[in-house]
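In: Fold the following and give me the result.
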Amino acid sequence: MATNNNSNNQSNPQIQTRSKHKQSLYKTINQLQFTSNRRTIVNEISDSFIQKLTLTNNFGAGFGSPCIFWIENSNIDQDSIIAALGKRVEIWNVKKGEIISSIDAHSDVVTCISCLHNISNFNTSKPVFFSCSLDKTIKFWLNENPVLTIKDHSDWIRCLAINYNDTTLTSACVSSSIYGWDIATGLEKFNIKKAHQNLSASTELSSINSLKFAHSNENLLVSGARDGKAKLWDVRCINDGAVCEIQAHDSKLNLAIWSQNDLKWLTSGRDNAIRLWDFRKINSNMPMNEKKKSFLMEYNQHACNGYFLLSNFFYCEKYVITGTENSAVYIYETETGKLCNILKHKQPIVHLVHPLNTVNLPFSFISATIEEQTMSLWRYSKEKFSVETEQQPTEDRNHILQESFVAAHRSALSSLMSRYGDRIIQLLHKHNVTFSETQNLQNAISALGNSDNAILLKMMSKITNDVSRVINFVAQNLTECEYSNNCLKLPTAAYSHIFGLNDRIIDITNEPIPTYMSIHDLILLRQQLRERTFESKK
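Out: Here you go, the predicted model:
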């Protein structure tokens with residue numbers, strides 16, 4: 001009888017799943033009891049440490065390089081990270097701030113990197129990892145060579161996840177499909193079409209932005225998508241649908257990750273909120289509005305309503321750390337939701353924050369902004385570091401104009417995507433057009449069909465015209481501009497002259513107007529005025 005019961009249990013995925021969660025829970029309780037003294041010490045010192053986090057180094061590819069899209073801890077060296085920049089993958093020593101190697105990885109933007117957990121069977125001194133791209137391929141890298149390329153995808157690939165015993169790789173697409181792959185063979189194990197698709201709004205893209213396996217269960221997977229939902233899947237019976245789901249956010253969901261004991265989820269969304277959930281308390285039969293209100297804690301003092309910003313647990317999960325849209329990294333206390341620290345950046349959109357797994361740099365993390373092509377290392381330090389010195393205006397007029405031109409177009413595209421991003425992505429996806437380095441904006445527009453082309457051109461022409469006017473002003477009045485902290489700033493008084501208007505800027509914002517404004521802020525100000533004028537004419 002015992003043999004028969006055991007056989008039945010093995011054939012029942014739900015019983016196995018519950019059993020593994022019990023084992024995980026008991027293991028966690030034992031660990032907490034064993035390390036209670038250590039955790040008491042952690043609590044005593046961490047609050048003072050969090051106030052002494054300091055920017056100690058800036059490193060990266062530098063001006064003119066693509067935006068840093070993803071950061072992953074290396075599985076070969078605790079002092080190293082792997083970063084995705086445009087089509088390239090770069091490996092950096094964060095302690096020294098030095099690049100180790102650069103790989104031309106894909107023919108289009110690299111969207112995610114995922115490392116194997118155990119590489120003892122590989123004879124290598126280099127990271128072993130998978131990468132995916134908008135070129136619709138997944139590549140497996142060994143000794144910095146692609147030893148396997150998966151070409152079965154027919155859509156842009158958005159994210160990857162590997163289970164803890166390195167047997168299954170999952171990938172997710174912009175069109176909301178999830179695929180599973182046998183890592184040993186590279187063959188497909190399963191696929192779920194439209195895993196997050198809202199059938200009542202079939203024209204909307206519900207890109208899956210996040211995939212994460214549980215830390216101690218090779219079969220449990222959480223996905224998060226632009227529909228605001230987080231879904232739990234059991235890969236053994238994945239075709240039966242999600243085990244449970246929650247409407248985690250009112251807007252697009254950026255991230256859904258597990259706590260270390262696999263009992264909680266942390267989700268972040270574009271509704272200015274990060275939420276902590278105990279998914280065991282979410283009954284599949286609960287009404288969706290009850291599920292939505294069942295989070296344990298909410299962290300909501302930061303700004304995130306338009307961009308894909310990453311968040312994470314930090315320092316033994318005592319804290320939650322997040323990028324923001326208001327020029328800062330915010331650090332919350334996990335248990336209470338208290339805002340513990342705000343670490344200011346020069347640029348407005350801090351989209352990446354990545355805690356480091358290194359004994360040489362304890363209590364440290366990497367951040368990156370959309371506007372800059374560098375990574376910032378933050379860590380606890382008793383010393384004050386002078387990372388940057390004030391730069392004097394260069395005499396090379398062409399160099400300044402070149403930097404300004406690139407910065408202006410980055411700002412313009414950022415503003416454009418903030419306002420029209422969903423529509424643009426739908427159009428580009430429909431025609432399979434991406435913004436790769438070799439394909440500029442006009443080429444992308446020309447590649448679209450006539451019907452959609454007119455819509456996209458109309459949206460882009462306004463901001464493109466704004467950028468042209470600003471650049472023309474800079475070229476003719478360079479001596480009137482201010483150049484500091486790697487940022488060219490224009491006199492605010494030139495606003496009316498640039499745009500040929502007599503508008504009073506003070507009417508646009510309630511805040512004091514600075515004497516000089518960056519190109520980014522000037523274009524955003526122009527956008528605000530245009531929107532107000534449009535609304536007043538309705």
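In: Please identify the buried residues of the host helix or strand of residue 99?
Out: Under the criterion of DSSP states H and E, residue 99 resides in strand 98-104. Neighbour-count burial for strand 98-104, with 16 or more other C-beta atoms under 10 Å as criterion, is recorded at 100, 103. Placement of C-beta: from N, CA and C, glycine included.
In: helices and strands around it, which ones?
Out: strand 88-93 (3 or more C-beta pairs under 8 Å, 6 or more residues apart in numbering; DSSP states H and E).
In: ok, residue 323 - contacts?
Out: When contacts are counted by C-beta atoms under 8 Å, 6 or more residues apart in numbering, residue 323 touches 304, 309, 310, 311, 329, 349, 350, 351, 352, 353, 367.
In: Do me a favour and get the end-to-end distance for stretch 314-322?
Out: Start and end residues of stretch 314-322 are separated by 10 Å (C-alpha to C-alpha, to the nearest Å).
In: can you give me the mean pLDDT across it?
Out: Averaging pLDDT along stretch 314-322 gives 94.
In: cool, and stretch 152-165?
Out: Here stretch 152-165 scores 94 as its mean pLDDT.
In: before we move on, what about stretch 175-184?
Out: When pLDDT is averaged along stretch 175-184, the result is 94.
In: Do a quick rundown of the strands in the stretch 301-450 of the chain.
Out: Here the stretch 301-450 of the chain has its strands, by DSSP state E, counting those that start in this stretch, at 311-314, 319-323, 328-333, 339-344, 350-355, 364-369, 374-380.
In: tell me what the first one is packed against?
Out: In terms of contacts (3+ C-beta pairs under 8 Å, 6+ apart), strand 311-314 is packed against strand 253-258, strand 265-269, strand 319-323, strand 350-355.
In: One more: the fourth one?
Out: Using 3+ C-beta pairs under 8 Å, 6+ apart as the contact definition, the elements that strand 339-344 packs against are helix 36-50, strand 53-60, strand 328-333.
In: The stretch 201-350 of the chain: helices as residue ranges?
Out: Along the stretch 201-350 of the chain, the stretches classed as helices by DSSP state H, counting those that start in this stretch are 288-292.
In: Below-threshold pLDDT in it: ranges please.
Out: 201-204, 284-285, 288-289 (pLDDT under 70).
In: Just give me the closest of the contacts of residue 323 to residue 74.
Out: Within the contacts of residue 323, the smallest distance to residue 74 is 16.1 Å, found for residue 352 (C-beta to C-beta).
In: Hmm, residue 310 and the closest one touching each other?
Out: Yes: here residue 352 reaches residue 310: they are 5.5 Å apart, a contact under C-beta atoms under 8 Å.
In: hmm, back to that, give me the mean pLDDT for the strand holding residue 99.
Out: In this model, strand 98-104 has an average pLDDT of 95.
In: Name the strands paired with it and say parallel or antiparallel.
Out: Paired strands of strand 98-104, with direction, are strand 88-93 (antiparallel) (DSSP bridges).
In: Tell me what angle the strand it pairs with forms with strand 53-60.
Out: Per axes from the mean of the first three to the mean of the last three C-alpha atoms, to 10 degrees, the angle that strand 88-93 makes with strand 53-60 is 130 degrees.
In: Show me what counts as buried in strand 88-93.
Out: By neighbour count on 16+ other C-beta under 10 Å, the buried set for strand 88-93 is 88, 89, 90, 91, 92.
In: Many thanks, we can stop here.
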